[in-house]
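> Sequence and computational prediction follow.
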Amino acid sequence: MATSTHELGAQLMEVVRRYAALGDHRTGDAADAPTAAWLAEEIRARGGEPTLVPYDLDRYVASWAVRVDGVEVASLPLFYEGVGAVRTSRPAVGIGVPRSAGGERQDLDGLDAVLTTARADGRPAAVVATAGPTGGLVAINREPVAGSGIPTLLVPGRLGDALALSDREVAVDVEIEARVEPGRSTSVVGHFGPSGGEPVVVATPLSGWFRCAGERGTGIAAALHLATRLAEHHPVVLLASTGHELAHLGAHALAPHAPSQARAIVHVGASVAAAAEPVTDPATARLSPTRFARAHAGPHRDAVIDRIAAALAPAGLTPTVPTDPTDPEGWIGEARRWAHRDEPMLSVAGGFFAFHTPDDLPEVSTTPTLLATVAVALEHAVGALVDR
């Protein structure tokens, strides 16, 4: 018996809840191995065969605290920016504006000015208020390489005004002990469906900042649904990679496990079924407008793109075709690593109000209806791409 939209939404929401309940999903941290084990069980439960793919990384490890006028505030180190033990009442302070590029928060405008001041004034640490849309703490994706050498702490943007007064009226105290040590993470490969023939590749990231319910959980739920449905007629390879927030480390580790040829590639990235604003009434929740779709169906395939567009319309997505589909810069997130293959590809990703924040929790970031709407739309869109 076919699953109703209501039942599908409830199933997908349960996946999001279970994923978020595992803990903060930073690569190499405590929730990392349990997340890989959990996903392997989810793959088995859907008739797939999972393989765990461990890899090594340089892991940033820190303990820290930031106090403003003696009161500890929410904070997060800017990973890899600095190491060592620092305790100071005279950090450099400033405001940084998180900037999204290609569906990722990977830049912090204003950081260079704060670090320049820190160096010039001999400040041993820096504190930067992240001026995001909600006034909260926003994490920034990082490459796992040494930065300025100055330990840097991010705090909620709403503290920007207080930091502006810090040398005169507001005390800012920092404690941090940070180091880089050998670490390990695990990505996951799932094989579904019949053997033989060119498989459909479904790629989705597993890691990010904080609980990642809307950012990652919605994509994982949709990717599992896609893999299961596609496997009814096609071989499917699910590639679920950690390291997204650290320059896609896990996706590179999975490269040897990718099929040499694919019938199509589907990248299910960030925030695919995230809400436009905090969910207060699931019946009125709407999808975030800051989500994007890219599609490539090969030469002379305008009709296929039109079918993909019609399928994605209920999910509020309009696909665009990159001018040069082989140029990674025309794609989003992990889809970039597939561009050189010039194979049919669909990529969906974006952001939303709680992107990269501690507020990204299941009940405020998505709903069963939003999840089902996106999952069904993706299923139909991928069907158009695969059966072109």
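Okay, I see it. Please read all numbers here as calculations on a predicted model, not as lab measurements.
> where's residue 222, which helix or strand?
Element membership of residue 222 [criterion: DSSP states H and E] is helix 218-230.
> just checking, next helix/strand downstream of that helix?
strand 236-241.
> Adjacent strands (with direction) for that next one?
Strand 236-241 sits in its sheet next to strand 172-192 (antiparallel), strand 200-205 (parallel), going by DSSP bridges.
> Of all those, which one is nearest residue 108?
Shortest separation from residue 108 across the strands paired with strand 236-241 is recorded for strand 172-192, at 17.5 Å, computed as C-beta to C-beta. Bear in mind the C-beta positions are built from the backbone N, C-alpha and C, glycine included.
> Give me the phi and psi for residue 336.
Residue 336 adopts backbone torsions of phi -60, psi -30, taken as degrees, to the nearest 10.
> correct me, but it touches residue 327?
No. With contact defined as C-beta atoms under 8 Å, residue 336 does not reach residue 327; the gap is 9.0 Å.
> on that earlier part again, which secondary structure elements does the helix holding residue 222 contact?
Helix 218-230 sits against helix 5-21, helix 32-45, strand 172-192, strand 200-205, strand 236-241, strand 264-268, helix 368-386, with contacts defined as 3 or more C-beta pairs under 8 Å, 6 or more residues apart in numbering; DSSP states H and E.
> so what's residue 129 bridging to?
Beta-bridge partners, per DSSP bridges, of residue 129: residue 95, residue 155.
> quick one, what contacts it?
By C-beta atoms under 8 Å, 6 or more residues apart in numbering, the contact list for residue 129 reads 93, 94, 95, 96, 154, 155, 156, 157, 158, 159, 160, 163.
> top of the residues you listed by neighbour count?
Neighbour counts for the contacts of residue 129 (other C-beta atoms under 10 Å) peak at residue 93, which has 28 neighbours.
> Now the nearest residue to that one once chain neighbours are set aside: which helix or strand?
Among residues not flanking residue 93 along the chain, residue 163 sits closest, at 4.2 Å (C-beta to C-beta, 6 or more residues apart in numbering). Element membership of residue 163, judged by DSSP H and E, is helix 160-164.
> Now do that helix: everything it contacts.
Contacts of helix 160-164 (C-beta under 8 Å, 6+ apart): 68, 69, 93, 94, 95, 127, 129, 131, 155, 170, 172.
> again, but for stretch 282-292
103, 271-276, 279, 315-317, 320, 332, 348-353, 366-370, 373-374.
> Narrow these to those in helices?
368, 369, 370, 373, 374 (DSSP state H).
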